[in-house]
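Peer 1: sequence unknown, structure follows:
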């Protein structure tokens, strides 16, 4: 498997944080059903509530890129794009993953 992870750093427009989160959740619910989408996270900067990361894992680069070029993507994420001030995306190959032991406190 050639799993890839995208990390999209975004800064929302001032006052748009709640709507941005709601719109992202709605889009993510549809995206999660797509072939190749394995996992998605929305995380917010602990020191700046307008800065978010969208972290998503895909089965391979081909399916991620197909989604990235699709009209479906454009429709799903149109409002999210309107609510942000800036965005920067990077795609990484996942080489190794290590998880914590079951039952361990974190």
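Peer 2: Everything's here; your move. Please read all numbers here as calculations on a predicted model, not as lab measurements.
Peer 1: residue ranges with poor pLDDT in the chain?
Peer 2: Filtered on pLDDT under 70, the chain yields the residue ranges 1, 104-106.
Peer 1: Nearest residue to the middle of it?
Peer 2: residue 54 (3.1 Å; C-alpha atoms, centre = their mean).
Peer 1: Give me the secondary structure label for it.
Peer 2: strand (DSSP: H, G, I helix; E, B strand; the rest coil).
Peer 1: can I assume it is in contact with residue 23?
Peer 2: No. With contact defined as C-beta atoms under 8 Å, residue 54 does not count as touching residue 23 (11.8 Å). C-betas here are computed from N, CA, C, even on glycine.
Peer 1: Now residue 88. Nearest residue, chain neighbours left out?
Peer 2: Distance criterion C-beta to C-beta, 6 or more residues apart in numbering; nearest residue to residue 88, sequence neighbours excluded, is residue 9 at 5.0 Å.
Peer 1: in the chain, which spans are helices?
Peer 2: Using DSSP state H, the helices found in the chain span residues 17-31, 61-68, 71-82.
Peer 1: Nice, that's everything, thank you.
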